[in-house]
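Engineer: sequence and predicted structure below; questions after.
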Amino acid sequence: MKTPRSGGAAALVAALTVGCAALGGGSSADQLAADMVKASFRSEGIAKVERVTGIDETLQACNAADVVGKPLDPAIAKRLEEANLKTVKWPSDGKFLGDWKQGEAIAQSGRGLTWTDAANTVNGGNCYNCHQISKEEISFGTLGPSLYNYGKLRGVADPGSTAARPVVEYTWGKIWNAKAYNACSNMPRSGHMGNLNEQQIRHLMALLLDPQSPVNK
Amino acid sequence: MRTVRTSLMLGVGLMAGSAAWAQKSTTEAIEEYRAMLADGNPAELFEAKGEELWKQRRGPKAASLERCDLGKGPGVVKGAFVELPRYFADTGKVQDLESRLVTCMERLQGFNAAEIAKTPFGRGEMANVTALATWIAAASKGMAFNLPQAHPMERTFYEAGKRMFFMRGGTHDFSCASCHGEEGKRIRLQELPNLTRSPGDGVGFAAWPAYRVSNGQMWSMQLRLNDCFRQQRFPYPEFGSDALTALSTYLGVNAKGAKSAAPTLKR
């Protein structure tokens, strides 16, 4: 069928398989997969091909570890976590919490950033896809831990207090860049990758930490 | 389309959605779903169309597809689906059902394969490819998946497909494995099969093509994978591309022993 590009990939496969019948993994399969990705995906709308051809070191290391089915080397994991932590942008005005009602709407929304979304679509947080959050919403996913009673369970009575500061900072950092605390976390790096802006993250923070939020009732 | 657009990967469950707008559409969807069940699977209409297309003389060469070799010899349809993707010596490629059908349409009937590959799902000759795939899949209903892995390229595609499956990327760092790498997980209310192993009969790879009630369309495997990638926020995987074939090879080999239920009916 078709394009010179996939013909090129087929030729590469043929070249690789000559004298390589026992290929069970390793660098040649890695190279082939990388070439397939380059030849098989195209930019469409706002979804540019660099989203798969230009992934960073963190993802490359985690992907390779998953393929062999072993956890990341602890020293490498630590280095990557430190690098990701450095990318976290703290609230520009020092204010960590916004409006939990707006946070709930952001947590509900799965919109934005696909090739069928317009560039001006307001992105959602996709949070309920993976997490239980408020008790009222029964349609939640289980890919991530339950966040119901998130602040209450962590003893946050006043998010502005000094005592609450470590939890507040960790929560901000986790939403901004989840890989700062677990290099191969399945959670998106919402701030780091530009999925959510600072104000949206403030609203999600309120959903999780504001004592008035239904999450903490 | 709304629930499809707002969910990730395999979409939200039948009961999903609690925002005000979702309540109504969910109720409607369930009613529609039940009505469809009562009437039988609309995929049967696509099966009938596919069978007709297979036998009909069409294209610039006014030929039928009855000499198309889907891997078990010219014209053999039964059992072909549960052994695809596989290596084809005449093209020197590993091909899945859909890309193989397009090869046959080009070689036997004189259609332009590149043109078909560029045609959006559900339109023109691409809609015919989906109907043909539905009929061919149905001919293997109840048969166990058993993809060949004897040829080196078939094993190579499995290995490359495994890398596609575990490839985090896009704006959300999602891979196929983010949702389909563990047992007993769900997204919203939708249960997610673990596709690193055989999830069982009629689930995952063994459930497509499927008729989707929510958008009234017949979905081929390529469209299923395409929409997973869309919701992963990946760029667009070309129809018939090696990446999709490799991923299907990985999923198909992992599904070994699972009985095909395709075509199924999906929310």
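Structural biologist: Looks like it arrived, so ask away.
Engineer: what are the buried residues along stretch A:53-66?
Structural biologist: A:55, A:56, A:58, A:59, A:61, A:62, A:63, A:65, A:66 (16 or more other CB atoms under 10 Å in any protein chain shown). Where C-beta positions appear, they are placed from N, C-alpha and C, glycine not excepted.
Engineer: which of those sit farthest apart?
Structural biologist: A:56 and A:66 (15.6 Å; CB to CB).
Engineer: what's around residue B:221, how many residues?
Structural biologist: Residues near residue B:221, counting by other CB atoms under 10 Å in any protein chain shown, number 26.
Engineer: give me the pLDDT for the closest residue to it other than its chain neighbours.
Structural biologist: Here the nearest residue to residue B:221 in space, its sequence neighbours aside, is residue B:208; by CB to CB, 6 or more residues apart in numbering or on different chains that works out to 4.6 Å. Here, the pLDDT recorded for residue B:208 equals 95.
Engineer: now swap in residue A:136 and tell me
Structural biologist: Residue A:136 is assigned a predicted lDDT (pLDDT) of 96.
Engineer: shaky segments in chain A?
Structural biologist: A:1-27 (pLDDT under 70).
Engineer: center of it - which residue?
Structural biologist: Geometric centre of chain A, nearest residue: residue A:188, 1.1 Å, by CA atoms, centre = their mean.
Engineer: from the buried residues of stretch A:53-66, which are also near chain B?
Structural biologist: Filtering the buried residues of stretch A:53-66 for neighbours of chain B using CB under 8 Å from any CB of the partner chain leaves A:55, A:59, A:62, A:63, A:66.
Engineer: and stretch B:116-129, what's buried?
Structural biologist: For stretch B:116-129, by 16+ other CB under 10 Å, it's B:116, B:117, B:121, B:125, B:126, B:127, B:128, B:129.
Engineer: residue B:82: what's it in contact with?
Structural biologist: Applying CB atoms under 8 Å, 6 or more residues apart in numbering or on different chains, we find residue B:82 in contact with B:140, B:143, B:144, B:145, B:146, B:147, B:260.
Engineer: just the buried members of those residues?
Structural biologist: If you count burial by 16+ other CB under 10 Å, the buried members of the contacts of residue B:82 come out as B:140, B:143, B:145, B:147, B:260.
Engineer: nearest to residue A:145 among these?
Structural biologist: Once CB to CB is applied, the member of those that ends up nearest residue A:145 is residue B:145, at 34.2 Å.
Engineer: any figure for the gap between that closest one and residue B:261?
Structural biologist: 11 Å (CB to CB, to the nearest Å).
Engineer: how about residue B:194?
Structural biologist: Taken as CB to CB, the span from residue B:194 to residue B:261 is 17 Å.
Engineer: in terms of helices and strands, where is residue B:87?
Structural biologist: Using DSSP states H and E, residue B:87 sits in strand B:86-88.
Engineer: run the chain-centre distance for that strand.
Structural biologist: Strand B:86-88 sits 17 Å away from the centroid of its parent chain (CA atoms, centre = their mean, to the nearest Å).
Engineer: which residues are in contact with that strand?
Structural biologist: Contacts of strand B:86-88 (CB under 8 Å, 6+ apart): B:69, B:71, B:93, B:94, B:95, B:100, B:103, B:147, B:148, B:151, B:153, B:154.
Engineer: take those and keep only those in strands.
Structural biologist: With strands defined by DSSP state E, the entries of the contacts of strand B:86-88 inside them are B:93, B:94, B:95.
Engineer: the closest residue to residue B:161 other than its chain neighbours: what secondary structure?
Structural biologist: Once flanking residues are discounted, residue B:161 sits nearest to residue B:250: 3.0 Å by CB to CB, 6+ apart. What DSSP: H, G, I helix; E, B strand; the rest coil gives for residue B:250 is helix.
Engineer: was I right about residue B:250 contacting residue B:156?
Structural biologist: No - using CB atoms under 8 Å, residue B:250 is not in contact with residue B:156; the gap is 11.3 Å.
Engineer: what about residue A:101, distance to residue A:129?
Structural biologist: 20 Å.
Engineer: between these two, who's got more neighbours?
Structural biologist: Between residue A:101 and residue A:129, residue A:129 has the larger neighbour count (other CB under 10 Å), namely 27 against 14.
Engineer: circling back to that earlier point, dump the contacts of residue B:82 into CSV; add secondary structure, pLDDT and distance to residue A:108 as well.
Structural biologist: Shown next, in CSV, are these (DSSP: H, G, I helix; E, B strand; the rest coil; pLDDT from 0 to 100; distance: CB to CB, whole Å):
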residue, secondary structure, pLDDT, distance to residue A:108
B:140, coil, 98, 41
B:143, coil, 98, 42
B:144, strand, 98, 41
B:145, coil, 98, 38
B:146, coil, 98, 43
B:147, coil, 98, 40
B:260, coil, 97, 36
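Engineer: burial of residue B:160, as a residue count?
Structural biologist: Neighbours of residue B:160 (other CB under 10 Å): 33.
Engineer: meant to ask about residue B:86, not that
Structural biologist: Count around residue B:86 with other CB under 10 Å applied: 24.
Engineer: roughly how far does it sit from chain A?
Structural biologist: 14 Å (CB to the nearest CB, to the nearest Å).
Engineer: for that residue, give me the pLDDT.
Structural biologist: Model confidence at residue B:86 (pLDDT) stands at 98.
Engineer: against residue B:75, how distant is it?
Structural biologist: 17 Å.
Engineer: roughly how far apart are the closest residue to residue B:251 other than its chain neighbours and chain A?
Structural biologist: Spatial nearest neighbour of residue B:251, excluding adjacent residues (CB to CB, 6+ apart): residue B:205 at 4.3 Å. Going from residue B:205 to chain A by CB to the nearest CB gives 19 Å.
Engineer: was I right to think residue B:205 contacts residue B:259?
Structural biologist: No - when contacts are counted by CB under 8 Å, residue B:205 is not listed as touching residue B:259 (11.5 Å).
Engineer: higher neighbour count, these two?
Structural biologist: Of the pair residue B:205 and residue B:259, residue B:205 is the one with more neighbours under other CB under 10 Å, namely 23 against 16.
Engineer: wait, what's in contact with the more buried one?
Structural biologist: By CB under 8 Å, 6+ apart, residue B:205 lies in contact with B:145, B:195, B:221, B:248, B:251, B:252, B:254, B:255, B:258.
Engineer: which one of the buried residues of stretch A:53-66 sits closest to residue B:229?
Structural biologist: Distance to residue B:229 across the buried residues of stretch A:53-66 (CB to CB) is lowest for residue A:55, with 14.4 Å.
Engineer: did I read that right, that closest one in a helix?
Structural biologist: No - applying three-state DSSP, one finds residue A:55 to be coil, outside a helix.
Engineer: for it, phi and psi?
Structural biologist: Per-residue torsions, residue A:55: phi -70, psi 150 (degrees, to the nearest 10).
Engineer: for the one helix or strand residue B:228 maps to, the averaged confidence score.
Structural biologist: Assigned by DSSP H and E, residue B:228 falls within helix B:221-231. Taken as a whole, helix B:221-231 has a mean pLDDT of 97.
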